[in-house]
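> This is the structure alone, sequence omitted:
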Ligand SMILES: [Zn+2]
């Protein structure tokens, strides 16, 4: 009996490790009215986000986004998760990422459709700054740009960046107002691979061809 108890006690640290591994990390919280907020109907985000190292090459900034966003609370919780929306911007020669915002128009609770609100403004005291792109996450694995993401009404800047919980990263170049197809790229081995296009007549609806692999 004593031997069995001693043996069981010996297994305690292992049990604790397994228990901790099984618990989802709650993720880091952002602070409303400090990191992000609303100004009337518009969403603002603070910048720069201190966890992202600025770079002269925008792609170096993009490559840091997904792991940083996925460390935030509810970022990976599928139908119960949150999307985060932020922006990339330049000051002088350098590109910075803003903090992302979880503000959305969705009703709270589980849903297969999420849509964080694209920020309109960055609060960074340095001027002039120029916004290049927005970025946003999906809280599911294998969840690429949606038709809603690619639709004309969702375009604010000349580029959109999107990624999922497996850190598949997509770049949309919508070519708004130009009679050339929109382009969808996937980040593969530090390069952008053209994976789909959006024909000029399909731009209003955001119809991507061929369709992106949606594993949900
Ligand atoms: Zn999306």
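Happy to help now that I have it. Since this is a predicted model, take the numbers as computed values, not measurements.

> what's the distance between residue 214 and residue 143?
7 Å (C-beta to C-beta, to the nearest Å). In short, each C-beta sits where N, CA and C put it, glycine included.

> So for these two, which sits in the more crowded spot?
residue 143 (23 against 12; other C-beta atoms under 10 Å).

> So that one: helix, strand or coil?
coil (DSSP: H, G, I helix; E, B strand; the rest coil).

> burial of the residue lying closest to it once chain neighbours are set aside, as a residue count?
Distance criterion C-beta to C-beta, 6 or more residues apart in numbering; nearest residue to residue 143, sequence neighbours excluded, is residue 164 at 4.3 Å. Per other C-beta under 10 Å, the neighbour tally for residue 164 reads 23.

> for residue 110, same thing?
The number of residues near residue 110, taken as other C-beta under 10 Å, comes to 9.

> Just say helix, strand or coil for the closest residue to it other than its chain neighbours.
Closest residue in space to residue 110, ignoring its immediate chain neighbours: residue 79 at 4.2 Å, by C-beta to C-beta, 6+ apart. Using three-state DSSP, the structure places residue 79 in helix.

> ok, residue 79 touching residue 138?
No: between residue 79 and residue 138 there is no contact under C-beta atoms under 8 Å: 11.1 Å.

> Just want to know which of those two has more residues nearby.
Neighbours of residue 79 and residue 138, each counted by other C-beta under 10 Å, are more numerous for residue 138; the result is 25 against 13.

> for that one, what are its contacts?
83, 114, 162, 163, 164, 165 (C-beta atoms under 8 Å, 6 or more residues apart in numbering).

> Show me the beta-bridge partners of the spatially most central residue of the chain.
Nearest to the geometric centre of the chain sits residue 137, at 2.5 Å (C-alpha atoms, centre = their mean). Listed by DSSP bridges, the beta-bridge partners for residue 137 are residue 163.

> got a pLDDT number for it?
Listed pLDDT for residue 137 reads 98.

> Many thanks, have a good one.
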